[in-house]
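1. Provide a 3D model corresponding to the input given below.
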Amino acid sequence: MPFASHRGMLNMLTTPALTLMFLIVVTALGAAFVWMFWEIEQMKSRPRRMARPRRRGDRLG
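-> Just a heads-up that it's a prediction; the model follows:
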């Protein structure tokens, strides 16, 4: 059976290694969510002037 070798790979991951890998994954996901919400807040706080270019005729006076 060609997939029989995966049992040896599971034995290589000890409990401390699995714990460290879990903490790394959770930290990376947390950082990604913080970055995502930071970017959303930055987009909301930008002025709306960028959405529509101003023309010379738009000025009053």
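
2. the helices in the chain, which residues?
-> 6-12, 15-45 (DSSP state H).

3. now this structure, which segments are flagged as low pLDDT?
-> Along the chain, segments meeting pLDDT under 70 span 1-11, 47-61.

4. Apply 50 and report the result again.
-> 1 (pLDDT under 50).

5. Next one: residue 40 from residue 33, what distance?
-> Residue 40 is 11 Å from residue 33, where distance means CB to CB, to the nearest Å. From N, CA and C alone the C-beta is placed, and that goes for glycine too.

6. now residue 17
-> 25 Å.

7. Of the helices of the chain, which stretch is the most buried?
-> Sort these by mean neighbour count, taking mean count of other CB atoms under 10 Å, and helix 15-45 sits at the top with a mean of 10.

8. which strands and helices sit next to it?
-> Counting contacts by 3 or more CB pairs under 8 Å, 6 or more residues apart in numbering; DSSP states H and E, helix 15-45 packs against no other helix or strand.

9. Residue numbering should commence at 528 henceforth.
-> Shifting the count to begin at 528 puts that one at helix 542-572.
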